[in-house]
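below is the structure, and that's it, no one-letter string:
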């Protein structure tokens, strides 16, 4: 099987046009088959009050009502996705922007209502790795935004880290997949106050210790859960680092293995 | 060569959810290879004042400044395109939404400034019919919005009728192409006050007479210009009619030939 890199960039990079340009230049230079997944940044959150829509959050998570879904569809699927694609085209990468509805690549189901009704939030049910593979084999580089659909006409808002892990799993029958989670830090840090304290390797055993010690907390917990979920389902490697992690000289990032 | 239908729906259908659903059902039933091109409707025009952007028009044409381009990218490329794709998926059509930047399908150049500066308006330079053909041959139905790019990172706003004609021309080396322009009337009318006065056939000679008589005027002139431009460049047939024109019993529409 051929190698494939699937790279996720967070909202902080999307929002900063210089950082985004720097990242896309490095992504364009990454050899071999590749896929990009992007978050949305703060643009959707900024647009909501301008359009008279009150952002609703419960336990730090966005509640996607119908009006909010319209805004995230505009921002993630339109503004961000099409601009990233156009910028990659300028750098010689034949990018193609996709939501999960496009080519039925990512099917999801509306999250069931328990104590909290998250609204139009989608939990991934299945990824069509074969069709994504066909797009790659005709020379295209898929660029996914954080939208899925339920195959019944409904778009759904889905976390970009989750999309990354699920697309990587879906492609693992067709490629040797490596996930790169790019964010503002150099990797998972031993000490949050020391940016140079990157933990180079984490496996399932050391992970449990890091959680027990309180080193991996808060927003890193679901991220790491996604990583191990991917590794347990066919993904070869997961790397977490900054947007310069692709440069061959750079070995300063966190690698996760089982 | 195989047959291919390329269908354009206007903003009036996009805005009316019942009409859109009815149209998409008929489009889904249309046999053979097909491509959809959609306009944007009034949503972009409604959003502009809500976001504090003053819509700028000169001679009835929109001036696309940077802020307006952001809004049309959100509405055409995001909201409308992704919802049309999700609805087609529900009807069993494996749709894939595209701007001209996606897979570099439609390259354009920024319209040069003469008396009027149209801003980020794009005139089509080239269509990659081979790549669009590859997408079709892996079982996908392309759905184009009215956005192109200049291959230098800039998205551009481009008229949907023009995109339809140019994509049809670009595909004519690979398929026998027929264009369907669907709108709110049954076809080109002899008498605008009599909805049943559909002119069944127009050729270049009768077209000149219809223009001289003042029967084809205003917004129909650029539309007809697009049609004959397409016919002169490899498109087999152009048909203009209402959204029910695909029903086999329906023969009440205008057919254009050279």
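Nice, I can see it. From a predicted model like this one, the values you see are computed outputs, not experimental measurements. Residues are numbered from 1 along each chain as shown, chains lettered A, B, ... in the order given.

and the residue nearest to residue A:195 when sequence neighbours are not counted, how many neighbours?
Of all residues not flanking residue A:195 in the chain, residue A:186 sits nearest, at 6.3 Å (C-beta to C-beta, 6 or more residues apart in numbering or on different chains). For every residue, glycine as well, the C-beta is placed using N, CA and C. By other C-beta atoms under 10 Å in any protein chain shown, 19 other residues sit near residue A:186.

now residue A:186: how far from chain B?
28 Å (C-beta to the nearest C-beta, to the nearest Å).

for that residue, give me its contacts.
When contacts are counted by C-beta atoms under 8 Å, 6 or more residues apart in numbering or on different chains, residue A:186 is found next to A:195, A:196, A:198, A:241, A:242, A:252, A:253.

go with 10 Å
A:195-198, A:240-242, A:244-245, A:250, A:252-254 (C-beta atoms under 10 Å, 6 or more residues apart in numbering or on different chains).

now it: phi and psi?
With angles defined as degrees, to the nearest 10, residue A:186 sits at phi -80, psi -10.

give me the contact list for stretch A:19-27.
With C-beta under 10 Å, 6+ apart as the criterion, stretch A:19-27 contacts A:5, A:7, A:9, A:12-14, A:16, A:34, A:36, A:38, A:41, A:80, A:83-84, A:87-88, A:90-91, A:93, A:95, A:141, A:143, A:180, A:182, A:184, A:242-247, A:250, B:153.

mind listing which of those residues are in strands?
Residues of these located in strands (DSSP state E): A:5, A:7, A:9, A:34, A:36, A:38, A:95, A:141, A:143, A:180, A:182.

residue of chain A closest to chain B, please.
residue A:78 (2.3 Å; C-beta to the nearest C-beta).

can you list the strands that the least confident helix or strand in chain A by mean pLDDT pairs with?
Ranked by mean pLDDT, DSSP states H and E, the weakest helix or strand in chain A is strand A:61-62, scoring a mean of 76. Next to strand A:61-62 in the sheet, as set by DSSP bridges, lie strand A:57-58 (antiparallel).

hmm, who's touching the strand it pairs with?
A:45, A:63, A:115, A:116, A:117, A:118.

out of the residues you listed, which are buried?
A:45, A:63, A:118 (16 or more other C-beta atoms under 10 Å in any protein chain shown).

count of residues packed around residue A:136?
20.

number of nearby residues for the residue nearest to residue A:257 when sequence neighbours are not counted?
With C-beta to C-beta, 6+ apart as the criterion, residue A:257 has its nearest non-adjacent residue at 5.1 Å, and that residue is residue A:203. As a burial measure, residue A:203 scores 13 neighbours (other C-beta under 10 Å).

separation between residue A:203 and residue A:229?
15 Å (C-beta to C-beta, to the nearest Å).

swap in residue A:195?
Applying C-beta to C-beta to residue A:195 and residue A:229 gives a distance of 27 Å.

ok, the two, which is more surrounded?
Under the criterion of other C-beta under 10 Å, the comparison of residue A:195 against residue A:229 puts residue A:229 first, with 16 against 13.

now for the helix or strand hosting that one, which elements pack on it?
Using DSSP states H and E, the element containing residue A:229 is helix A:220-231. Under the contact definition 3 or more C-beta pairs under 10 Å, 6 or more residues apart in numbering or on different chains; DSSP states H and E, helix A:220-231 sits against strand A:2-9, helix A:160-171, strand A:175-182, strand A:201-202, helix A:204-212, strand A:237-241, strand A:254-256.
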